[in-house]
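Visitor: Structure of the sequence below:
(2 chains, ligands or ions: 2)
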Amino acid sequence: MSDVALSNGTNKGYRLPERFRPIVDDTSCKRCRRCVTECSYRAIDCVGDHIVATDGCVACGRCAAFCPTGSIEIETIPNQFPPHANFTERIRRGIMSQASTGGVLLSSCGTDVEHPVIFDELLLDAAQVTNPSIDPLREEIETITFLGRRSGKLTVSEKDSFSFISEIGPVIAMDMPLMIGHISLGSVSYNVQKALFTAAKELNIVAGSGEGGLHPDFYVYADHINSEIASGRFGVTSGYLNKVAAVEIKIGQGAKPGHGGHLPGEKVTDLISHTRMIPIGTDALSPYPHHDIYSIEDLQQLVSGLKEATEYRVPIGVKIAATHNVAAVSSGIVRAGADFLTIDGFRGGTGSSPRIIRDHAGMPIEVAVAVVDRRLTEEGLRNRVALCAGGSIRSSADMIKCIALGADVVMTCTAVLIAIGCHVCQQCHRGLCSWGIATQKPELTSRVDPGLAAMRVKNLLSAWNEELKEVLGAMGIDSVESLVGNRDRLRHFGANPRIAEIMGVKHVGEGWG
Amino acid sequence: MSGLQGNPISQYGLLRTTSPRTIPERPTGSPATRPSGLGYQMGGCGISGCISTQGRGISGESISRMLTTMSERENGLGAGYACYGLFPNRRDEFCLQLILDNEESKCAVEEFLKEHADVTKDEKVFTRKVRTLSPPYPLVWRYFVKPAEKREWRGNSNLSEEDYVVKLVMHINREVEGAFCVSSGKDMAVFKGNGYSYEISEFYDINRYSGQLWISHSRFPTNSPGWWGGAHPIGILDWAVCHNGEITSYGVNKKLVEMAGYVCTLQTDTEVIAYTWDLLVRKHQLPIPAAAFAMAPWHHSEIPRMDPNSGLLAKALRLTYKEAFLNGPFSIIVGRREPEITMIALADRKKLRPLIVGTSSDRDLVFAASEECAIRAIDTQADTWTTNAGSPMIAQVGKGVVRQGVEPPFSGVVR
Ligand code: SF4
Ligand code: SF4
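Guide: Ligands and ions are numbered 1, 2, ... in the order given. Alright, predicted model coming up:
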């Protein structure tokens, strides 16, 4: 939640109450002042011989994590507002902020509003008696996953020998049904992007470049990079497009459907200005639509143009935010020639987004991926493309359920940032990230060691892949492709059977078929 | 415990029985009507098949002996036989064999067929009362048809003869109450029902028929709708499939065949397997070993062991037909009429269900079965061998065993 800091004198007396407060144990504190240096929000200070809380704590936890004596706890301050179930504290803070500033409220990360999470209402199946489970410790379970176009039909003949005329690809093979989503250089630091690309290369998966071009230092990772072409076209050159593994046209992002990228000027440093090809300190505001795409035919032209530019060597994808007509739009995108299609659910993360859009627009990825998978099947198109899905994939359980609902590849962003240190304090748009992630300030970015961060991302995603194998084995499936869209292996265990019906998932208690 | 005093628990009120009929009572219903709310059917099974590669007639008595020998593999809830080379005088006409609840459903089918096809002949299929098989019995009728001159279906004109017949069958099975078309190929028919293999054999008097290829199936289902249509073999056009297994990828495979226009009415993985064969081999013209590889592929990690061109074909098949991959345990025996009478025997890529094949000493007969006893029951001298996981044995009339099921998937691939 972004509570705009109020310094304007005319707003005296309308100050927003603090939400969090570091509590320092004065007896065990040894006055080393480490917390004061660590806190990029200046929410803790040394007054006389005591460490005290000042204002503006965002509960990022950096101070507590680095206190050598474990003397700090972060407290959520209760009872700042009289209770009211309708005018919640969140609503009242929003009103007060806007009354002071007259502006659009900004925030970051995925929405923190308590919408029901459908993933949590889905249960997985397992094999018993009539089919054997498979032991992933003793037998191979395949998780190799392809991203790209499929022809749907092969021409093979057998006279004296086999011969085949094939039209395959362009397609890339990854070791896991996972990709790291688009986290741009600018929204995060150089060190973070380096860590993500290193991890992707070592895991043999792809990572998104995010909007804003590719830093020349990262060309060495190009064969594991899914490069984004967004409406701003910042930094796009055919030079690196010809090196990357895949290219993705970004129409929309789950956290802000209908919006363009937004990088605040404070984050546009020399490094970013070079990569994005924009002046230092200017806000990088991408147009809301692509101004050369006002219709599906226009998209088809851009897809073809990119295929020409990359000589049909790499798969060209299209990413859209999950909005209410997602199934029909997806079918159009496949017909327009996309080799892969990425759907981003409304809970997806962002480095900066208007709160009104982030919290209220779009739809959950669970439903979106299921309806898109079904529509593409009904139209006989599903075996032509790879379907990627993301938008708050928090764990391997979410990933597995997302695959069973129809995704070939699952995309994750926030989880890998948490692996690097992010505490989801939702302050990315302020550029002060104390964990050195969503910031460009050198004293903060140096807090991320790219080697260590890459290792942590690798650990996380390999663990997820191992858990995927455990589940596949338990289901009696020895290759992940046999789970894609296999809704029969899911059951809904929740309050709203209509959701299950729309997703094509049966309720618990119903058998197969 | 006082009531049990001095009475060993093992004898207390328990009767011993050696009758196989202790469980379960067969539910009675309308044999041709798909029970409402019928869920996915699964279970274990016995399968057997026998082909004369020299095109001689094999009596129904032989196949019946093969199947009934494996009595451990059935529980009286479904069995069936498919016979090829059955109508030498009408081998160019499609034979639609139906099970019907009553005269009314028969009239409805005939009315529909009159409008959509040329029926050249129809006849009652011989059936008789079986003492142990409780009624109601279905009416079984067959129609020899030629597709109508103008093959148009809901605006889709110029369908091939086969595609048109598929549409006819899908329509009957979905829309005509009390009627179920069990087979629709040329020169072949399926005889099946809800009972033990010996009961179904007696009901149809299987011994009266003789054919160049027989495949057969008995069931041990874990659920038991009293529905004759759900028994195996399951056929579409000239394909018939007998299947012992449970496909864990059913939801994925179903999508592939539905994309190609097949309508799944049976809720069994066997139905999806039959449609997959038809799609891959008839419609996409894949050679049988290539189609078998798509259904039971090598691991990606094994593909580098192939020569480069074979490896390329293997990868292309895995990528393009990943929805055709039948995951989970199965062994299947598949029959086909066109272009020559063919028997295929295939087990899953881990070989989690049994399958054994063999030939008679004169090399004329080729057998396939779940258990060796089925083969020995009719030929004590047969040479038998087991196929490799995922490798099809293929035997054809006029050609003999064209593939033993121990070879690598493809050889001599050229591009
Ligand atoms: S480091 Fe973070 S948690 Fe600690 S005082 Fe500063 S803002 Fe609060
Ligand atoms: S990246 Fe940094 S600022 Fe953004 S939520 Fe995570 S910890 Fe907070």
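Visitor: give me the number of residues near B:Ser403?
Guide: Quick fix: residue B:403 reads Arg, not Ser. Here the count is done by other Cβ atoms under 10 Å in any protein chain shown, and B:Arg403 has 18 residues near it. In short, each C-beta sits where N, CA and C put it, glycine included.
Visitor: ugh, wrong one, A:Asp55
Guide: As a measure of burial, A:Asp55 has 12 neighbours, counting by other Cβ under 10 Å.
Visitor: Tell me the pLDDT of it.
Guide: Looking at A:Asp55, its pLDDT reads 92.
Visitor: B:Arg337 versus the closest residue to B:Leu213 other than its chain neighbours, what's the distance?
Guide: Nearest in space to B:Leu213, with sequence neighbours left out and distances taken as Cβ to Cβ, 6 or more residues apart in numbering or on different chains, is B:Tyr84 at 3.9 Å. Distance, B:Tyr84 to B:Arg337, using Cβ to Cβ, to the nearest Å: 6 Å.
Visitor: Give me the common contacts of those two.
Guide: Shared contacts of B:Tyr84 and B:Arg337, defined by Cβ atoms under 8 Å, 6 or more residues apart in numbering or on different chains, are found at B:Asp187, B:Met188, B:Asp238.
Visitor: Most neighbours among those residues, which one?
Guide: B:Met188 (31 neighbours).
Visitor: Need the phi and psi values for that one.
Guide: phi -150, psi 160 (degrees, to the nearest 10).
Visitor: Just list the residues touching it, thanks.
Guide: B:82-87, B:95, B:211, B:235, B:238, B:240, B:335, B:337.
Visitor: So what does the residue nearest to it when sequence neighbours are not counted have for phi and psi?
Guide: Using Cβ to Cβ, 6+ apart and skipping residues adjacent in sequence, the residue nearest B:Met188 is B:Tyr84, 4.5 Å away. Main-chain dihedrals, B:Tyr84, degrees, to the nearest 10: phi -110, psi 150.
Visitor: try B:Ser48
Guide: According to degrees, to the nearest 10, B:Ser48 has phi -150, psi 150.
Visitor: which residues touch it?
Guide: Applying Cβ under 8 Å, 6+ apart, the residues near B:Ser48 are B:63, B:66-67, B:70, B:215-216, B:242, B:333, B:367-370, B:374-375.
Visitor: any idea how far A:Lys159 is from it?
Guide: 32 Å.
Visitor: so how many other residues sit close to A:Ile95?
Guide: So A:Ile95, with other Cβ under 10 Å, has 11 neighbours.
Visitor: Can you tell me the element it falls in?
Guide: Under the criterion of DSSP states H and E, A:Ile95 resides in helix A:89-101.
Visitor: same check, this time on A:Gln301
Guide: Here A:Gln301, judged by DSSP H and E, is contained in helix A:296-309.
Visitor: Show me what counts as buried in that helix.
Guide: A:Leu299, A:Gln300, A:Leu302, A:Val303, A:Leu306, A:Lys307 (16 or more other Cβ atoms under 10 Å in any protein chain shown).
Visitor: and if you look at stretch B:158-172?
Guide: B:Leu159, B:Glu162, B:Asp163, B:Tyr164, B:Val165, B:Val166, B:Lys167, B:Leu168, B:Val169, B:Met170, B:His171, B:Ile172.
Visitor: And stretch B:407-415, by the same measure?
Guide: Here stretch B:407-415 shows B:Pro409, B:Phe410, B:Val413 as buried, counting by 16+ other Cβ under 10 Å.
Visitor: Ok, stretch A:434-446 next?
Guide: Result for stretch A:434-446 [16+ other Cβ under 10 Å]: buried residues A:Ser434, A:Trp435, A:Gly436, A:Ile437, A:Ala438, A:Thr439, A:Gln440, A:Lys441, A:Leu444, A:Thr445.
Visitor: With stretch A:237-245 instead?
Guide: A:Tyr240, A:Leu241, A:Lys243, A:Val244, A:Ala245.
Visitor: contacting residues around that stretch?
Guide: A:172, A:206, A:209, A:213-214, A:219, A:222-227, A:247, A:306, A:309-311, A:313-314.
Visitor: ok, now with 10 Å
Guide: Contact with stretch A:237-245 is made by A:147-148, A:170, A:172, A:174, A:200, A:205-207, A:209, A:213-216, A:218-229, A:247, A:277, A:306, A:309-311, A:313-316, as judged by Cβ atoms under 10 Å, 6 or more residues apart in numbering or on different chains.
Visitor: okay, how far is it across it, tip to tip?
Guide: Terminal residues of stretch A:237-245 lie 15 Å apart, using Cα to Cα, to the nearest Å.
Visitor: I'd like the average pLDDT over that stretch.
Guide: 83.
Visitor: try stretch A:384-392
Guide: Stretch A:384-392 comes out at a mean pLDDT of 95.
Visitor: Is ligand 2 within reach of it?
Guide: No. Stretch A:384-392 lies out of reach of ligand 2 by Cβ under 6 Å from any ligand atom, never closer than 13.6 Å.
Visitor: mind checking how far stretch B:329-338 is from the chain centre?
Guide: Relative to its chain's centre, stretch B:329-338 lies at 7 Å (Cα atoms, centre = their mean, to the nearest Å).
Visitor: near chain A at all, that stretch?
Guide: Yes. Against chain A, stretch B:329-338 shows contacts by Cβ under 10 Å from any Cβ of the partner chain at B:Pro329, B:Phe330.
Visitor: so A:Tyr312 makes contact with A:Val247?
Guide: No. Between A:Tyr312 and A:Val247 there is no contact under Cβ atoms under 10 Å: 11.6 Å.
Visitor: joint contacts of these two?
Guide: Counting by Cβ under 10 Å, 6+ apart, the residues touching both A:Tyr312 and A:Val247 are A:Leu306, A:Asp339.
Visitor: More neighbours: which of those two?
Guide: Shown here are A:Tyr312 and A:Val247; by other Cβ under 10 Å, A:Val247 has more neighbours (26 against 14).
Visitor: The more buried one bridge partners, please.
Guide: A:Ser227, A:Ile316 (DSSP bridges).
Visitor: For PyMOL, write the selection for the buried entries among the contacts of stretch A:237-245.
Guide: The following PyMOL line selects those of the contacts of stretch A:237-245 that are buried, judged by 16+ other Cβ under 10 Å:
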select buried, chain A and resi 147+148+170+172+174+200+205+206+207+209+213+214+215+218+221+222+223+224+225+226+227+228+229+247+306+310+314+315+316
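Visitor: Also near ligand 2: which of the contacts of stretch A:237-245, exactly?
Guide: Okay, of these, nothing touches ligand 2 (Cβ under 6 Å from any ligand atom).
Visitor: Of the contacts of stretch A:237-245, which belong to strands?
Guide: A:147-148, A:172, A:174, A:206-207, A:225-229, A:247, A:316 (DSSP state E).
Visitor: and the contacts of B:Ser48 as JSON lines, adding secondary structure, neighbour count and pLDDT?
Guide: Listed next are the contacts of B:Ser48 as JSON lines, based on DSSP: H, G, I helix; E, B strand; the rest coil; neighbours: other Cβ atoms under 10 Å in any protein chain shown; pLDDT from 0 to 100:
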{"residue": "B:Ile63", "secondary structure": "helix", "neighbour count": "29", "pLDDT": "94"}
{"residue": "B:Met66", "secondary structure": "helix", "neighbour count": "29", "pLDDT": "92"}
{"residue": "B:Leu67", "secondary structure": "helix", "neighbour count": "34", "pLDDT": "91"}
{"residue": "B:Met70", "secondary structure": "coil", "neighbour count": "21", "pLDDT": "87"}
{"residue": "B:Ile215", "secondary structure": "strand", "neighbour count": "32", "pLDDT": "95"}
{"residue": "B:Ser216", "secondary structure": "strand", "neighbour count": "34", "pLDDT": "94"}
{"residue": "B:Cys242", "secondary structure": "strand", "neighbour count": "30", "pLDDT": "93"}
{"residue": "B:Ile333", "secondary structure": "strand", "neighbour count": "32", "pLDDT": "96"}
{"residue": "B:Phe367", "secondary structure": "strand", "neighbour count": "31", "pLDDT": "96"}
{"residue": "B:Ala368", "secondary structure": "strand", "neighbour count": "31", "pLDDT": "96"}
{"residue": "B:Ala369", "secondary structure": "strand", "neighbour count": "29", "pLDDT": "95"}
{"residue": "B:Ser370", "secondary structure": "coil", "neighbour count": "26", "pLDDT": "94"}
{"residue": "B:Ala374", "secondary structure": "helix", "neighbour count": "27", "pLDDT": "93"}
{"residue": "B:Ile375", "secondary structure": "helix", "neighbour count": "25", "pLDDT": "95"}
